[in-house]
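In: Test case, fold it:
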Amino acid sequence: MTSEQSVKHKDFINILILLAATLCIGVYLIATTVLIANDGCYNIQLAQNFAKDPIGIIKTSYFAYPFLILLTHKLVLLFTNDNSIQTWIYSAQSMTLLFRLLAIIPLYFIGKILVREKHSFWGILILIFLPYPAEYGSDVLREWPHLFFLATALLFLIYGSILGNWWMFATAGLFTGFGYMIRPECAQIVLYAMLWSLVGLFIPKPGISRVKVVCLTLILIVGFLMPVVPYSKIKGEILPPKLKAVISFDKNCQSERVERPAYIASVMPKDILKALGKFTERIGENLMYFFMLPLIIGLYYHFRRPKEFLTDSRLFILALIILYVAMMLLLHINYGYISRRHFMPMIAFTVFYIPTGLVIIADWISGINITENENKQKNTQKWFFILLTVGMLICLVKLSGLISEKRQGYRDAAKWLKENTAPADIIAVPDMRITFYAQREGVIYENESIPSSAVYVVKILKNPKDEAAIAELSGKVVYKYTDEREKTINMVIYRK
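Out: As a prediction, the model looks like this:
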């Protein structure tokens, strides 16, 4: 076996292990899912309506993910006659998990280019075990399908920038365009290509002339526009509404969450501090806090010499980090929130640097504890695996805890509504997932303002031990959900 064959064989084994771990965790999470995300219900409803009104769905949403759910559901129906809502959910979850599996492959090779195959393997393994990214890969969410297209496009862009190959730039553009139909943020690849060409004009790369740099970038842009132009023409817009609000400087544009205009001139220092605080919190949650320090150390180690990373593939990662920091801060400043899901690409493309940080920490610990007769390299390796194992165990504990965080009461209430109400009955709910699972028409209510059109009302009790609150309800109580562990009534359904 030649050295090249040996490397390919090692990559194949590494990817096989990573895919096996991803599949096991993904299937486990699907099997134990009690309640899908709110956005998941919306995505399935879009998929259910797509065949009836495809143009309407395209105009009002980024249609590619619901369309993929619909295709998967049709494939599943070839093997079963069960067209229940649970079949839709399993179809959507399975499709999302498939894209998580596919995304692991380009992510591994990106990591291999950046930090070699050993650290890429450990970095991706950490990503696989991180609870929240794992949960998103088994839910009905766009994050992993989007990440597959983003990672594949970036991989082709990186290879193209190294080899100067035009078809790699064209392929990167096409993947970017198709990814745009899932999430418009995929268009960031075009920005990275333009940045690469700008750097190439001032710091020419051996074997790639300035003219070729510009031409390669134009090829990527053309590849991106091929699917995006007809799609945007049907949709009637190019930029997402939130992005237009932020960059338009329109003082009449109000945000969804805060009572102030969404324009940069209104930013105050306290807004920036709050955004930075929430940014740090969300990063820490995604990394279980344990891997946060190793990531910072690893990033510093690989980006400490600007003259080096400006001319290699690290340029794209740096651009991605800067872009996501800016986007997350602006999102919080203008809309008052940042979700853990928003950090998925940033986590996925920097996780390769965590093993480097763990090695540095392990080397520091071994330097303190080493005795005269010990081999420092072996001691460092031992501490690396100790730290890695501790981090993995923390992730596993959290992964198992995700089940208990789900609200079983919602599912039980939905089951009762499905079995005991008429399809035409309107049900007031605090969470639309209840009526989604019950397959009934629902209206959301907040506080105590119950819509007059509702026939049934689902009420979550703020103080489950206060039985007097049940007696005060303006209707006949027809169902009570009792928490088996707490032995208290947490939820009731009453008829008005």
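
In: Tell me who's in contact with residue 142.
Out: 39, 43, 62, 65, 182, 183 (CB atoms under 8 Å, 6 or more residues apart in numbering). Using the backbone N, CA and C atoms, a C-beta is placed for each residue, glycine as well.

In: Now flag whichever of the residues you listed is closest to residue 106.
Out: residue 182 (15.3 Å; CB to CB).

In: which ones are touching the closest one?
Out: 62, 64, 65, 142, 145, 146, 149.

In: Same question for residue 235.
Out: Residue 235 sits in contact with 58, 59, where contact means CB under 8 Å, 6+ apart.

In: what's around residue 385, how many residues?
Out: Using other CB atoms under 10 Å, residue 385 has 12 neighbouring residues.

In: For it, give me the pLDDT.
Out: Model confidence at residue 385, expressed as pLDDT, equals 95.

In: Which helix or which strand is home to it?
Out: helix 376-405 (DSSP states H and E).

In: Repeat that for residue 217.
Out: Going by DSSP H and E, residue 217 is in helix 210-235.

In: most centrally placed residue in this structure?
Out: In the chain, the residue lying closest to the centroid (CA atoms, centre = their mean) is residue 143, at 3.5 Å.

In: For residue 286, see how far away it is.
Out: 12 Å (CB to CB, to the nearest Å).

In: Can you check which residues contact both of the two?
Out: residue 133.

In: Can you tell me the SS state at residue 337?
Out: Using DSSP: H, G, I helix; E, B strand; the rest coil, the structure places residue 337 in coil.

In: Next one, pLDDT for it please.
Out: 81.

In: Return the set of buried residues in whichever helix or strand comes after the helix holding residue 385.
Out: Once the chain leaves helix 376-405, the next helix or strand it forms, by DSSP H and E, is helix 408-420. Residues of helix 408-420 classed as buried by neighbour count (16 or more other CB atoms under 10 Å): 409, 410, 411, 412, 413, 414, 416, 417.

In: Throw those residues into a markdown table and include distance to residue 312, thanks.
Out: Below are the buried residues of helix 408-420 laid out as a markdown table (distance: CB to CB, whole Å):
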| residue | distance to residue 312 |
| --- | --- |
| 409 | 53 |
| 410 | 50 |
| 411 | 51 |
| 412 | 55 |
| 413 | 55 |
| 414 | 53 |
| 416 | 60 |
| 417 | 58 |
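
In: For residue 11, give me its contacts.
Out: Contacts of residue 11 (CB under 8 Å, 6+ apart): 108, 109, 112, 117.

In: Can you say which helix or strand has the third one in it?
Out: Spelled out, it's residue 112. helix 85-129.

In: per-residue confidence averaged over the following helix or strand past that helix?
Out: Next helix or strand after helix 85-129 toward the C-terminus (DSSP H and E): helix 131-136. In this model, helix 131-136 has a mean pLDDT of 95.

In: could you dump helix 131-136 to CSV, C-alpha only?
Out: Presented in CSV, the C-alpha positions along helix 131-136 are these (Å, rounded to 0.1, in the frame of the first residue of the first chain):
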residue,chain,number,x,y,z
PRO,A,131,-25.8,18.1,22.9
TYR,A,132,-27.4,21.0,21.2
PRO,A,133,-25.9,20.5,17.7
ALA,A,134,-26.8,16.8,18.1
GLU,A,135,-30.4,17.7,19.1
TYR,A,136,-30.8,20.0,16.0
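
In: Highest neighbour count among the contacts of residue 11?
Out: Busiest of the contacts of residue 11 [other CB under 10 Å] is residue 108, holding 23 neighbours.

In: Quick one: residues contacting the closest residue to residue 207 other than its chain neighbours.
Out: Nearest non-adjacent residue to residue 207, counting by CB to CB, 6 or more residues apart in numbering: residue 164, 6.1 Å away. The contact partners of residue 164, by CB under 8 Å, 6+ apart, come to 205, 207, 208, 212, 216.

In: likewise residue 58?
Out: 231, 234, 235.

In: Check it and give its pLDDT.
Out: 91.

In: Could you list the buried residues of the helix or strand hosting it?
Out: Per DSSP H and E, residue 58 falls inside helix 54-60. By neighbour count on 16+ other CB under 10 Å, the buried set for helix 54-60 is 57, 58.

In: before we move on, what about stretch 207-216?
Out: 208, 212, 213, 216.

In: Switch the residues you listed over to TSV; also include pLDDT.
Out: Formatted as TSV, the buried residues of stretch 207-216 follow (pLDDT from 0 to 100):
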residue	pLDDT
208	87
212	94
213	94
216	96
